[in-house]
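Visitor: Next comes the sequence, and after it the predicted model I'd like to discuss.
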Amino acid sequence: MLGIIIGIAAIMTIVSTIQGTNEQIKQNLIGSGTDAVKIELYQGDMQLDFSYNTPPEQVPIITEEVKKQILDLEEVSKAALYNSRQYSQEIFYKNTAYTGALLGVDNSYLELYNYYIQYGRNFEEKDFKEFKKVAIIDVIAAKTLFEGENPIGKTMEIVSEPYIIIGVVDKALKFKPVINSFSDYNTYMEQSNGEIFIPITNWPIIYRYDEPQNIVIKAINTDNMTKAGKQTAEILTERIVNTDENNKITYKNDDLLKQAKQLQELGSSTNNQLLLIASISLVVGGIGVMNIMLVSVTERTKEIGLKKAIGAKRKRILLQFLTEASVLTSIGGILGIIVGIIMAQVVSKISMIPVSISIPATIISVIFSMIIGIIFGLIPAVKASKLNPIDALRSE
């Protein structure tokens, strides 16, 4: 049983660590349950940044009719339009400069990203229709600019225009990516400078021209993110009139699921090798079961002879020893799972690698250990069933 326990425990630990790492990769890219997909403008393989580029004339503004067409997609539950400057350098409160993100958003954006009003108020329909110079900031921007002051009612300068802060928001579902390297830290810090939101109808006013919007959609579930993003990108790209075939402007979806799968596949060959090595101990355990059962047959020869003498058939003897072998290995499998779960938690604490216990892997482990018992218990069982009752009774 010890070989089975060690083998199953090793496999459980490895599988749990692999699944935990894969889940960490997925969560680092996608975040915690928003299922949001950004669809943004690209020219060739380069994303169009209107901080440096003039908006192309062949890209039309996304109208409410187009937005409704996207919302009619089966895989899409919500959609929101936005414009953005990721590193705005034209925002000030008194003498304090702000270098985070500035976004022009519609009335669906904050809800789609699970923002809630911490204090103050949300945008209202009249803020968009009347082009009111109002802004909502997140808690990070509030700390950066106001250092503990109540920002509601304060006036900040956005691209030389005064905007009154009407609300402070925070995310209902917070997610912090696991940081394991300096590059991870840089990526996280880029996303941690805070955000300021203004009505999207004011965007052409402060930047002096109509700028094609990007769109973010919420898929009905994580598995549909890729399909929903691709279909939305196709709808928007169809409206663009490209004159330069060598340098087309298109909308592209941020395929986070594909990126996660690619990262997961990088380690798949190593993971398979680890599982193969761990499986060797199961084979060794199976050979151990076979040897012990052969010894058991030898020690119980007289018992087998007596059973056959009073009418036990060969099938009955065969079944008895196969049952013993499968029960032994099944118990070993269950104990191995328990040890594996404990080992996985220990590995997680020591190496800071997340683990995820797989229910299917647990069930398969028990079944696999039982199969090993049957396969390796077959030779001893056949030997026992073939014993001659007279010779068995005379044996010492």
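Guide: Happy to help now that I have it.

Visitor: Which parts of this protein are strands?
Guide: With DSSP state E as the definition, the chain shows strands at residue ranges 36-43, 46-47, 76-85, 91-93, 96-98, 101-105, 115-120, 134-138, 155-158, 161-171, 195-199, 214-219, 249-253.

Visitor: Would you tell me which of those gets closest to residue 362?
Guide: Proximity to residue 362 (C-beta to C-beta) singles out strand 214-219 among these, at 30.0 Å. C-beta coordinates here come from the backbone N, C-alpha and C atoms, glycine included.

Visitor: Return the list of helices and strands in contact with that closest one.
Guide: strand 36-43, helix 64-71, strand 76-85, helix 109-112, helix 225-237 (3 or more C-beta pairs under 8 Å, 6 or more residues apart in numbering; DSSP states H and E).

Visitor: Columns mean neighbour count and mean pLDDT on top of the strands of the chain, output as TSV?
Guide: Putting the strands of the chain into TSV (neighbours: other C-beta atoms under 10 Å; pLDDT from 0 to 100) gives the following:
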stretch	mean neighbour count	mean pLDDT
strand 36-43	20	87
strand 46-47	12	82
strand 76-85	20	91
strand 91-93	18	89
strand 96-98	16	85
strand 101-105	23	93
strand 115-120	14	91
strand 134-138	25	95
strand 155-158	17	92
strand 161-171	18	93
strand 195-199	24	94
strand 214-219	23	90
strand 249-253	20	87
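
Visitor: Which among these is found nearest to residue 333?
Guide: Between residue 333 and the strands of the chain, the shortest gap by C-beta to C-beta is with strand 214-219, which sits at 38.9 Å.

Visitor: just to revisit the earlier point, so which of the helices and strands packed on strand 214-219 is nearest residue 120?
Guide: Per C-beta to C-beta, nearest to residue 120 of these: helix 109-112, 12.2 Å.

Visitor: how far is the closest one from where the chain is centred?
Guide: 21 Å (C-alpha atoms, centre = their mean, to the nearest Å).

Visitor: related to what we said a few turns ago, would you convert the helices and strands packed on strand 214-219 into TSV that also reports distance to residue 169?
Guide: Listed next are those as TSV, based on distance: least, C-beta to C-beta, whole Å:
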stretch	distance to residue 169
strand 36-43	16
helix 64-71	22
strand 76-85	14
helix 109-112	6
helix 225-237	24
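
Visitor: mind checking which of the ones you listed is nearest residue 318?
Guide: Ranking these by proximity to residue 318 (C-beta to C-beta) places helix 225-237 first, at 53.0 Å.

Visitor: Any idea how many residues pack against residue 63?
Guide: 12 (other C-beta atoms under 10 Å).

Visitor: Same check on residue 354?
Guide: The burial count for residue 354: 17, using other C-beta under 10 Å.

Visitor: how near is the residue nearest to it when sequence neighbours are not counted to residue 9?
Guide: Among residues not flanking residue 354 along the chain, residue 20 sits closest, at 3.8 Å (C-beta to C-beta, 6 or more residues apart in numbering). Residue 20 sits 16 Å away from residue 9, taking C-beta to C-beta, to the nearest Å as the criterion.
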